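J.: based on what follows, work out the 3D shape:
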Amino acid sequence: MSNLVTLTIASEAFLLLSFIIIILSTKNPKRNILWVILFIIGAAPLLYLAIDHVKNDYMDANIGLGLAFMYTWLYSAVAFIVAIILLVKKKRNNNISKEL
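T.: Alright, predicted model coming up:
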């Protein structure tokens with residue numbers, strides 16, 4: 001059970017880190033609300049199924065929990081790629097404005 005908790009916290013932390021980078025890159029209040037909503041959409045399934053697994057302690061393999069981990073990891077990877085693209089774009093725009 002402790003491995004499940006550690007893996008859940010690490011997965012959610014990586015997702016949160018990706019969205020923090022995205023939010024710091026945009027600095028647009030209306031867009032930040034969208035990013036927070038997208039973060040909740042990405043984080044909710046894993047949190048729900050991890051809590052459900054700990055409370056109910058299933059005897060068989062919890063396929064839903066495995067799918068929730070895979071979904072969160074894929075969602076985290078896509079969010080991290082978007083964060084890197086936005087960060088590079090922001091740096092590039094700052095460098096261009098400094099040259100002018």
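
J.: how about residues contacting stretch 6-15?
T.: For stretch 6-15, contacts defined as C-beta atoms under 8 Å, 6 or more residues apart in numbering pick out 39, 42-43, 46-47, 50, 69, 72-73, 75-76, 79-80. Just so you know, the C-beta spots here come from the backbone N, C-alpha and C atoms, and that holds for glycine as well.

J.: how about a cut-off of 7 Å?
T.: 39, 42-43, 46-47, 50, 69, 72-73, 75-76, 79 (C-beta atoms under 7 Å, 6 or more residues apart in numbering).

J.: now the two most distant members of those residues.
T.: Using C-beta to C-beta, these span at most 18.9 Å, a distance reached by 50 and 79.

J.: now a PyMOL select for only the buried ones of the contacts of stretch 6-15.
T.: In PyMOL, a selection of the buried entries from the contacts of stretch 6-15 looks like this (16 or more other C-beta atoms under 10 Å):
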select buried, resi 39+42+43+46+50+69+72+75+76+79
